[in-house]
Each structure stands twice: as structure tokens, then as C-alpha cells.
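[1] sequence plus predicted model, see below.
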Amino acid sequence: MDLKLTNVSPVLTDPAPINKSRIGIHSSLLPYSQSGASFSSGLLTMPRKKPGKLDDVRSNGWLDAMISSSPPRKKMLKDFNFEVDSDDRDIGYISWVVKHPSALNSFEQIISRARNKKIAMFLDYDGTLSQIVDDPDCAFMSDEMRSAVRNLAKHVPTAIISGRSRDKVYELVGLTELYYAGSHGMDIMCPVGGRESADPSSCIKTTDQQGKEVNLFQPAREFLPMIDEVFRTLVENTKDIKGAKVENHKFCASVHYRNVDEKNWPTIAQCVHDVLDGYPQLRLTHGRKVLEVRPLINWNKGKAVEFLLDSLGLSKSDDVLPVYIGDDKTDEDAFKVLREGNQGYGILVSSVPKETKAVFSLKDPSEVKQFLNCLVRWRRQSEV
């Protein structure tokens, strides 16, 4: 679908082709063929304006996507210790767990495949290592979870892949033993000497917190001024919507509506729609009660997993078992990579049924902590 700088409404799928020569993005990162619309490399200044017609966000599916990605709160069914709101949901969850069994209950199956192999662990942050909270700035991981992750990293390569900025997720986790990928994998700090096939213009050498030389891979670096501009415009245009919060995650901008009254969801959706109407080179994705604006390049958490495996020298080895644990729709790209290549296991963190490419499931961060501790104990025993 061709989006030009006209009155065409931005869409959730079939994003516009990009003329690579206008923004200097390496062709391997472009998602579709290079024929189609071109656009000026000059950044657009978006004036603050009133939201357009709310029919826009209803007709193109934005509002439906917001609602479907933001399930209502459920009652707790104590007998089964998971969330349901009806007997039907109870039965549905049990059926779903049969298809995506608990990683704790399936631990023996997982480690049987891991024997004589090196595990590579990839972890989302929000909803996986920390609870989902109303204020994203207060999504802290517990000391016990931090200890579990630290102990795991002593035995297996461990990386955090988050939608947050790399600096922010490092600040929240605070462990130098890990590898960090922020902005859904568009900002990766990894070892020097890894993936040679990556676009050299996207890699720079720097030093980590311990002074060790590392590579910084940023495939969307050309978009930084544009994301900053969109972020400032979104802050200005949503300032009158009570509960709205806009965050700059460096290579993407997030508009949280968790604390926005549901009757105002169409307003905030229309507001984002109006801003993106002038940026066909950006796309919209959804998370848990968050709208995320990202560069329209062929890069996601799944590609970040592949890149990190290459950087760690683990991508062409049959004795590696990658495991990815995440809770959100953006983690599905990583689950898909591991499932399609039969490389490893995706584990979805959810207490309600969801469509997923993950093989196994865990209910919440407390079960994630149990699973990581089980891996640590198993690794310690196998190394004796």
C-alpha cells in the first residue's frame, strides 16, 4: 500500500515502501520492494491541532486494535490461581495451556533438549522481569528477580530485549553481566567481532560500563531526528488528555493510555493518527495499553535475537538452544524466529489465553523467576 504526504490515513498493516536513497537506510533493513512512493528527506514540522474525525480511527482499525490489545481486568478464581471472568474463560484457559504448557511443568522436557548444548537466554523486561504497573517509571524488578537473572548470566549468555530505551532498561536492571537491546532491538550493545554481514554504517565501536570495547548496532540511526520531532509533537498534542503519557525510547516513541479513561481512547488514537499522517516512513504498533511509533524498517525483536546469536558466535552451531521469554505482542517476532527455525523455545508470560507462536507459557513474573532459578540449579548440577 502506497502512503504519500497527502490525506491518506496511516494504517496498521501493509506499510509504505521506502525510497532508501532519501534516508540512507541499508537495503537489507527495508521491509518491502523499493518501488513506490518517495518523500522528502526534510523533516516535517507538525503544528498542534485538534483531532480529526474520529471515524478515521474507527474505520482503519486503530481503535479495535487498542481494545483487543488491552483486555479488561479479570476476577481471580482462587481454586485454579489464574485470572478468569467466567466458566467459559476457565475452560478456554485450560485448553490453551494444553496447547502451550507451563514451562515449569515442562522443565524436564526443556532440559532434555538442552543437554550437551549451550543455552542462550533472551528476556523481555516489562511484564516478564517486572510486573505491569500503571506508571511505567515504577516498573521495578524485585531484588529476588535481579539475583535470579544475575545467577543465570554466570552460566549462560543472557540478553534483555526491551521496547524501552537501552539506557533506561540498563538503569532498571543494573547488571553489567548482560547484553542489552533497547527500542525493540534497534539499539543493541554486543561483543566486538560478531556479525560481519550487518550494515557497517549501523555499527560503531564504543565501551561499556566496565570500559570493555563493544559494538553498538543501531540500524535506524537515520531516524533519530524524526523520532525526536514526533515525540515532541505527541507530548504537545496529548497534553490535554488526562492520564496520557508519552515516552521517548530513542528509536521509538510510546503513547501510554493505561491511565486514560476508556471513553477518551478514540481521542488519543485520533491524536496519534493525525501526527503520523505526515510521516509515512513511520509505523504504528500496539502493546499493552500503549501505542508505539517506530521507523518503518525490517527490524524487530526476532531479528535482534538473530543478530545477538551471530554476535555471540552461536548462530551456526547445532549445540545451542535459544530461549526467549516475553509477555507482549512485540515478542511474537522472536517467538516466530525460534519456532520457524526449530532453533529453540519461546515462552509467553500470560495468565489469559492469547494467540502466540510461543511453545510454552508462564503465568506471571513470579513464575519467570522460578523458571530462571530452576535453570540455574540445573546448570550448577550439570557443571559439577
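    Happy to help now that I have it.
[2] so where do the strands sit in the stretch 251-384 of the chain?
    253-256, 282-287, 290-295, 320-326, 345-349, 360-362 (DSSP state E, counting those that start in this stretch).
[3] for the record, mean pLDDT for the last one?
    For strand 360-362, the mean pLDDT works out to 98.
[4] which residues are in contact with it?
    By C-beta atoms under 8 Å, 6 or more residues apart in numbering, the surrounding residues in contact with strand 360-362 are 96-97, 100-104, 106, 110, 325, 345-350, 368, 371. Placement of C-beta: from N, CA and C, glycine included.
[5] now with 6 Å?
    Strand 360-362 is contacted by residues His100, Pro101, Ala103, Ser106, Ile347, Leu348, Val349, Val368 when judged by C-beta atoms under 6 Å, 6 or more residues apart in numbering.
[6] ok now that strand, how far from the chain's centre?
    Put simply, strand 360-362 sits 17 Å off its chain's centre (C-alpha atoms, centre = their mean, to the nearest Å).
[7] who wins for neighbours among the contacts of strand 360-362?
    For the contacts of strand 360-362, the largest number of neighbours (other C-beta atoms under 10 Å) sits with Ile347, at 30 neighbours.
[8] worst average pLDDT in the strands of the stretch 251-384 of the chain?
    Among the strands of the stretch 251-384 of the chain, strand 282-287 carries the lowest mean pLDDT, at a mean of 89.
[9] could the contacts of strand 360-362 go into TSV alongside distance to Pro219?
    Converted to TSV, these look like this (distance: C-beta to C-beta, whole Å):
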residue	distance to Pro219
His100	31
Pro101	35
Ala103	31
Ser106	35
Ile347	26
Leu348	26
Val349	27
Val368	28
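[10] relative to His256, which of those is nearest.
    Proximity of the contacts of strand 360-362 to His256 (C-beta to C-beta) peaks at Val349, which lies at 19.3 Å.
[11] residues near the closest residue to that closest one other than its chain neighbours, how many?
    Ranked by C-beta to C-beta, 6 or more residues apart in numbering and with sequence neighbours excluded, the top spatial neighbour of Val349 is Asp327, at 3.8 Å. Residues lying near Asp327 (other C-beta under 10 Å) number 26.
[12] what are the buried residues along stretch 140-159?
    141, 145-153, 155-159 (16 or more other C-beta atoms under 10 Å).
[13] for these, which one is nearest Leu312?
    Pro157 (5.4 Å).
[14] that closest one and Met121 touch, don't they?
    No - between Pro157 and Met121 there is no contact under C-beta atoms under 6 Å: 7.0 Å.
[15] so who does Ile91 touch?
    Applying C-beta under 6 Å, 6+ apart to Ile91 gives no contacts.
[16] so it sits in a strand?
    No - counting by DSSP: H, G, I helix; E, B strand; the rest coil, Ile91 is not part of a strand but helix.
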